[in-house]
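Undergrad: would you be able to build a 3D model of this:
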Amino acid sequence: MMKRILSILLACVLLLCGCSTNNNNGNSNKLKELDVVLDWYPNALHAFMYVAIEKGYYEEEGLKVNIQFPSNSNDAISLVAAGQADIGLYYQQDVIQARTKQNVPVKSIGAVVQGPLNIVLSLKEKNITTAEDLVGKTIGYAGTELSEALIRSIMNDVGADYSDVTMIDVGFDLMSSMTTGNVDATIGCLVNHEVPQMEEEGFSVNWFDLDEYGVPTYYEGVFLANDDAIQNDSETLKAFLRASAKGFADMKANPEEALQILLANQNEENFPLSEMVERKSVEVLLPMMETADAAFLSQSDECWQENIDWMLDQGLISETVDLDEVRINLEFNPFEKR
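TA: Now for the predicted structure:
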């Protein structure tokens, strides 16, 4: 994660060289361009944005949304911090760490997923269904300190020790490390993606959620904006959130239509989509993007504080941070227009 922070700092230098968020000083009828950087190539998680584009909801708000794919893993935060993009879709823990360690000038403006998608995944034949079953097992991961902290936390929660498991850095080869027998389980696979993908490939799997074992519930994805845009152009951010909420409402009302819109906008060259996998992903995501207790894009102080406290306890950050430094709740009504 330190590599991510260093990349973010380099990008922030550009901000000091005169780079700034796009401003529309032309005709009031002209659409204002808004560059939105995804966390990855288009998939079911992003379908609501493509719906909002297709249905003209952003245009109704005076916006022309340009969706960009990341060239580097941390583009969604580094480009926004540097004013090279307006909004990014990234991860809650990274926002906390970037702000506390290097005071990177970004905040969350809305939670896209209200809970973790990250799971502990294994082939069914391994009979791993609980954290207790990990004792004596090998766990594949992408080499991140966050994954190490998550495993350490769930092992402590069941009265075991981090030393009771063997962590193996398999890079991004999480699925193949299981199917080849290199590891017993993995952390870092997503319940809405790798699970249906492995099932489509004929594998039977088991998995369990991290927040069942001492890990606080966290937002798997949040929309980010930089401090300057939040202070000086919050109406544009509210307009984006309003239109996005309308796109999600349509996705929820007609998931099959949203799926077909997504498939029509997939990046076939770099990340071709399986219709079956994405259909199952939509089914998993919808009840996690909006719950009975949390509206789409809402975020709670409790969730942020619990994650700050947990990260401090796990040594992922060395000092706490004020909530106002990592998140802001912009009031918007999805039924209004700017």
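
Undergrad: beyond the helix or strand that contains G140, next helix or strand please.
TA: Under the criterion of DSSP states H and E, G140 resides in strand 138-141. Along the chain past strand 138-141, the next helix or strand (assigned with DSSP H and E) turns out to be helix 145-157.

Undergrad: which positions in that following helix come out as buried?
TA: Residues 146-155 are the ones in helix 145-157 that count as buried (16 or more other C-beta atoms under 10 Å). (Glycine included, C-beta is placed from N, CA and C.)

Undergrad: whichever helix or strand comes after it - what's its average pLDDT?
TA: Next in sequence after helix 145-157, counting helices and strands by DSSP H and E, comes strand 166-169. For strand 166-169, mean pLDDT is 98.

Undergrad: and after strand 166-169, which helix or strand comes next?
TA: That would be, after strand 166-169 and using DSSP H and E, helix 174-179.

Undergrad: report the buried residues of that next one.
TA: 174-175, 177-178.

Undergrad: could you dump those residues to JSON lines with distance to S78?
TA: JSON lines is the format used below for those (distance: C-beta to C-beta, whole Å):
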{"residue": "L174", "distance to S78": "24"}
{"residue": "M175", "distance to S78": "28"}
{"residue": "S177", "distance to S78": "29"}
{"residue": "M178", "distance to S78": "31"}
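
Undergrad: of those residues, closest to M167?
TA: S177 (11.9 Å; C-beta to C-beta).

Undergrad: go ahead and confirm the closest one touches D184.
TA: No: using C-beta atoms under 8 Å, S177 is not in contact with D184, being 9.7 Å away.

Undergrad: D39: what's it in contact with?
TA: Neighbouring residues of D39 by C-beta atoms under 8 Å, 6 or more residues apart in numbering: 45, 70, 76, 88-91, 221.

Undergrad: highest neighbour count among those residues?
TA: The residue in these with the most neighbours, by other C-beta atoms under 10 Å, is A76 (29 neighbours).

Undergrad: any idea what sits nearest that residue, other than its immediate chain neighbours?
TA: Excluding its sequence neighbours, the residue lying closest to A76 (C-beta to C-beta, 6 or more residues apart in numbering) is G88, at 3.3 Å.

Undergrad: again with A245
TA: P334 (3.8 Å).

Undergrad: what comes up buried for stretch 179-189?
TA: So, applying 16+ other C-beta under 10 Å, buried residues of stretch 179-189: 183-189.

Undergrad: which residues in the stretch 201-338 of the chain form strands?
TA: Using DSSP state E, counting those that start in this stretch, the strands assigned to the stretch 201-338 of the chain run over residues 205-209, 221-226.
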